[in-house]
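Q: no sequence on hand, only this structure:
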């Protein structure tokens, strides 16, 4: 089945426009690579200055080319690009790669050039990659259209490539390729997207999701231009059981600044990227070496695995270190069942350990029968999902046959770790046992990989399907914006978020009456769509114990707000019963520029900001997801009976969060930000109450 | 100057008792290594079964050996060890290494054997290493007394070794050695301490601190047996400007459990280890590869360096990634001064970046004159301390001469990062420019190394000198233990920790009178040395607003305490003025089994426990250190005017913490734990107040 990007990524013939016979120049390097590695398709250099290039006949112009060429590589200056694309298109060339810099990344003039290019691509339907990109390589076809010396310096690959590399930086593409090739990772596609004027990251990802030559995808992202399309493409990868391993730059403000200065894309929130990755079961990386090792490990993904790990080591020290690292990265190292410990104890000296980590001691390799028994026990017990075996050098060699036999007999993933120079590494790898060579990298790789396994079973990406068309659908009338706090809370209440007893007062005496009816103590809050930050404006008074206090507070609130916001329209003062007891949450949503509506949950109060203890998800969020979000909070024990406090009404909180999620979908396109702060969580069976809420409109709706 | 450990670590002659001619056996491997690598001293195999071993005459017994042998290596079973040591000692052999397992790590019987060995070593003064150790190697002398195959498989070293390796695990010793040798790190001593029956980690460290062959020390610790001696030895390393790079296992409970099961040492608190390391300017590692890379980097320690980093990259993406990683690890990436930016802008294309990270773009290598100008500017500006240059493969090669010239002209540390296969790596290293080959490892190594540089200037270890003999010396009478809360607070107040207005009441009416005198609201608290956990016993009531509330609370407290602790001796009920406003801290001290008195500061309240937001230091702690501790807290902004709140009286808090430190020194040997909870920090110029305090006696003083 032909794909729109086939002429680009799997071309049958290639024209190089601006061809050179100097392999060090961008017009020469792809021809050097194509001829050197034996590309089977036709190669057509184009340059009026040469008769031949690398021994190939050189055409004087695009017009002199034969018909039916798949791909043109443009090694020419920025100003000449779009006119040349038009000529290529006129010749029936279906796709083009634009190397030239000097477009959107280079000021207003370049941005104008890029707009012309985008317009042409859109009108013509021609597939145009770049500009400002390093190009591509289809390693299985030897179709090199990149100017990247790494193909000449990295170890050549013999086997068929199954791993594709998709990055927004040519230098990162080359660096990851170099590291992964040293490990023996075999590549299919090498893709550098450049400025993504017409073809964006998500569209390449769609291609790789359906590409028969791609089993595993490594990617590097600075900013996504189309978050929703990315969600669809990443879901397609998940559905096709292709691990998607991504590194997203811009972790710190300084890093984001640097990223922004060479991408023209909208900056999304890094935490929301992280949430989206988790929901899409993307394996998030922070390092090139980690990416390369994950690509290697992902080749063993059909073995059964999960987060409960048995650690077997010939060294008590290394076993302890591995346990520390595994637990530190979120894996579990459960104590083994007594029956398994008995089996192990039969062959392990007294000074060894059998509980997990298992210290078999160096002596055990002299007893291969026992090694096989022990491995079989760990490969079959229900207590763990994955086995790590540490034995350096000749000690691993002595266990190699037993590892191979165990891997042949049982589906469970067994990872060998060799910090020496074992000769059995290749043999183990061929027989289904990955071999790592560094303690730290073992866990940095295994932890996200095993998390991928766990999420793969739960399929969280399913909840995001059809998300772009989701709307609130429970008949609640639309909320006109801007709105005051009461309107905001009424809207959320109509979706099912519980409120609290309250009255509106427009005089001090009415406030006293309301407070008497509600019961003291009460809170007073200014009610105005024009005063979003009520506390800062002196518009909030809490814990008013009697009528005098209410009367005084009423006057003070109006006076203070009049000072802070003289032009604000005042709808009155809210009198609320003061809620006593319970834990306060913040529940908020933003319309992220990349991913659209996303939800954040955290503990209320100043410390949440200092400790950044919050959980994020793309909408929609149902009660199950809400529960998972609350459990992710470090402060969750406060809701769960910490230090003999009564447990909070977590089920009611989850219902309220799910109702909030629905309400936010109803504000799509109009609200930039929606927040309940605080949502009071009372003790179990006593429900929750929204004490305050805020809806901030988008610019166009303010 | 001869050192007591010279015969062990730098022996002129070696006897191997239990010698074998099989290089695979522990009695054969050291002889194989000694002869293979050309040890210049005398080698004396001892075994009645052989006439010769590895071509050397074999002695029938220790008694048949010549006089004056430095070192005996005992490759014999546990039960024979001490009798053999006695015979060796009788022959004038000064030191011995005991390989045998089966001592303290192996149950009661082994522990008894070890006690006999320890007793012999103590009585005789013989230097006895092990038992249960893998042995040693003096690489510069080719004096191999270890059974470790790694010496045969790791790359041979040609240059003189300057890095020593000191570990509590033979397997870790071998693994780190193997990794570091691949990097070309040249070793002097390879030391594996084993059970440390008679020679402990700190004593070896003392040796290395004064050893002319040791410039850098790599170590691995499971548990220290003598924390105070370690402090002295580590201080000696710092004074000698020898970086001490340590990995401490036992980060998680599971890891500590695994460590405990094969060490017989007392388990200290991992957080206090970390505090001690920071105060001693130990470079703390979490990984073998990181240790090896740090050993390499430490060779460049005489270059000037610090935490403010300039990042120069041929790739905007990699520059952003490096900035993210540096900042994430506590380094600073300051924006460069305008004058420097102007200098850079002169040679960098528009699409590059000049602020920091600096993106020089790939084109810049074609302009070597500019590269040298740019490097010189960054090597001399006061705005940064260290320069990182990323350029892979041939791009780095093109910059190599400029890097060498810059390093020759300026003392500032410049670190090159090559993810390609640059041919200039060795040349750069020889000329003072370290070359890293992995982005992640660059920062994982550089961050702790630059922190070491910063601490080296501040010399925090100086404050710990003479610590073992420190006592409180301000004439405050000793505190008899156990004591009630009031006694505890009075003792701390006498050292200068401010208290709060309060009275003791022994009847409800006396409590009401006291409250009236102090002013409402008040707090009531049971006063008894036998009720350390007052809240849990129902012995505390807060915010009592009037006489009735006090009267009722008095009765309830006595009733509740009578139920919870019927045998407790009650000294009365404390009536305290309720402090309003301010931030609450916890200030605590423990007598750590390894390091002795150590202080902890954190924010008061339940969240401190959940977020583990605390700072630790070994005593003594003065006001400057107290200030640094407070600043380390993530919650510090609460003391510093967060969100327009009034800033807290941090100077008064620091004075109180320093006074607390003095008071704790006065409780040395008697108190296991001392705590102020809370210490109320009022707004600036309003001081602090100790609201509650607790002294928990050591077992012997309860």
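A: Right, received. Where do you want to start? As the structure is a computational prediction, the values presented were derived from the model and not from experiment.
Q: mind checking the backbone torsions on the residue nearest to the spatial centre of chain A?
A: Centroid-nearest residue in chain A, with Cα atoms, centre = their mean: residue A:277, separated by 2.5 Å. Residue A:277 adopts backbone torsions of phi -60, psi -50, taken as degrees, to the nearest 10.
Q: for residue A:464, see how far away it is.
A: Residue A:277 sits 12 Å away from residue A:464, going by Cβ to Cβ, to the nearest Å. Heads up, the C-betas are built off the backbone N, CA and C, glycines and all.
Q: before we move on, back to that, pretty sure the residue nearest to the centre of chain A contacts residue A:284?
A: Yes - using Cβ atoms under 8 Å, residue A:277 makes contact with residue A:284 at a distance of 4.9 Å.
Q: if I pick residue A:476, what's in contact with it?
A: A:491, A:494, A:495, A:663, A:666 (Cβ atoms under 8 Å, 6 or more residues apart in numbering or on different chains).
Q: in helices, which of the residues you listed fall?
A: The members of those that map onto helices under DSSP state H are A:491, A:494, A:663.
Q: now those residues in CSV, with distance to chain B, pLDDT and neighbour count?
A: Output for these, formatted as CSV (distance: Cβ to the nearest Cβ, whole Å; pLDDT from 0 to 100; neighbours: other Cβ atoms under 10 Å in any protein chain shown):
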residue, distance to chain B, pLDDT, neighbour count
A:491, 28, 94, 22
A:494, 33, 93, 17
A:663, 28, 93, 27
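Q: which one of those residues sits closest to residue A:50?
A: Nearest to residue A:50 among those, counting by Cβ to Cβ, is residue A:663 at 66.6 Å.
Q: do you know how far the nearest residue to the closest one once chain neighbours are set aside is from chain B?
A: Counting by Cβ to Cβ, 6 or more residues apart in numbering or on different chains, residue A:495 is the residue found nearest to residue A:663 once chain neighbours are left out, at 3.8 Å. When distances are taken as Cβ to the nearest Cβ, to the nearest Å, residue A:495 and chain B turn out to be 31 Å apart.
Q: and residue A:495, how many neighbours?
A: Here the number of neighbours of residue A:495 (other Cβ atoms under 10 Å in any protein chain shown) works out to 19.
Q: and chain A, what are its domains?
A: In terms of domains, chain A is parsed into A:1-150, A:154-299, A:309-437, A:501-577, A:583-701 (source: automatic domain parsing).
Q: distance from the chain centre to the last one, please.
A: Centroid separation between domain A:583-701 and its chain, computed with Cα atoms, centre = their mean, to the nearest Å, is 21 Å.
Q: need the contact list for the residue nearest to the centre of chain A.
A: Contacts for residue A:277 were tallied using Cβ under 8 Å, 6+ apart; they are A:246, A:248, A:284.
Q: what parts of the stretch 51-200 of chain A come near chain B?
A: Within the stretch 51-200 of chain A, the residues that sit near chain B (Cβ under 8 Å from any Cβ of the partner chain) are A:101-102, A:105-107, A:149-150, A:153, A:168-172, A:174-175, A:178-179.
Q: how about a cut-off of 10 Å?
A: Among all residues of the stretch 51-200 of chain A, those adjacent to chain B (criterion: Cβ under 10 Å from any Cβ of the partner chain) are A:101-107, A:109-110, A:132, A:134, A:149-150, A:152-154, A:167-179, A:182.
Q: from residue A:65, how far out is residue A:120?
A: Taking Cβ to Cβ as the criterion, residue A:120 is separated from residue A:65 by 19 Å.
Q: and if you look at residue A:108?
A: Between residue A:108 and residue A:65 the distance is 35 Å, computed by Cβ to Cβ.
Q: show me which of those two is the more surrounded one.
A: Here residue A:108 and residue A:65 are compared on neighbour count by other Cβ under 10 Å; more neighbours surround residue A:65, at 21 against 8.
Q: now do the contacts for the closest residue to residue A:431 other than its chain neighbours.
A: Distances taken as Cβ to Cβ, 6+ apart place residue A:404 nearest to residue A:431, at 4.4 Å, with adjacent residues excluded. Each residue near residue A:404 by Cβ atoms under 10 Å, 6 or more residues apart in numbering or on different chains is listed here: A:414, A:424, A:427, A:428, A:430, A:431, A:432, A:433.
Q: and those residues, which are buried?
A: A:414, A:424, A:427, A:428, A:431, A:432, A:433 (16 or more other Cβ atoms under 10 Å in any protein chain shown).
Q: let's see which of the residues you listed end up in strands.
A: Mapping the buried ones among the contacts of residue A:404 onto strands (DSSP state E) picks out residue A:414.
Q: so which of the buried ones among the contacts of residue A:404 comes closest to chain B?
A: Using Cβ to the nearest Cβ, residue A:424 comes nearest to chain B of the buried ones among the contacts of residue A:404, at 14.1 Å.
Q: quick one: secondary structure of the nearest residue to the closest one once chain neighbours are set aside?
A: By the measure of Cβ to Cβ, 6+ apart, the closest residue to residue A:424 outside its immediate chain neighbours is residue A:400, 3.7 Å from it. Three-state assignment for residue A:400 (DSSP: H, G, I helix; E, B strand; the rest coil): helix.
Q: closest one of the buried ones among the contacts of residue A:404 to residue B:658?
A: Distance ranking of these against residue B:658, using Cβ to Cβ, places residue A:414 first at 55.2 Å.
Q: the closest one contacts residue A:389, correct?
A: Yes - using Cβ atoms under 10 Å, residue A:414 is in contact with residue A:389, at 6.3 Å.
Q: what is the neighbour count of residue A:182?
A: When neighbours are defined as other Cβ under 10 Å, residue A:182 has 13 of them.
Q: for it, which residues are in contact?
A: By Cβ under 10 Å, 6+ apart, the residues touching residue A:182 are A:154, A:155, A:289, A:292, B:421.
Q: buried set for the biggest helix by length in chain A?
A: Among the elements of chain A assigned as helix by DSSP H, the one spanning the most residues is helix A:439-458. Buried residues in helix A:439-458, counting neighbours by 16+ other Cβ under 10 Å, are found at A:439-453, A:455-456.
Q: spit out the contact partners of the residue nearest to residue A:424.
A: Under the criterion of Cβ under 10 Å, 6+ apart, the neighbours of residue A:400 are A:391, A:416, A:422, A:423, A:424, A:425, A:427, A:428, A:431, A:433, A:435.
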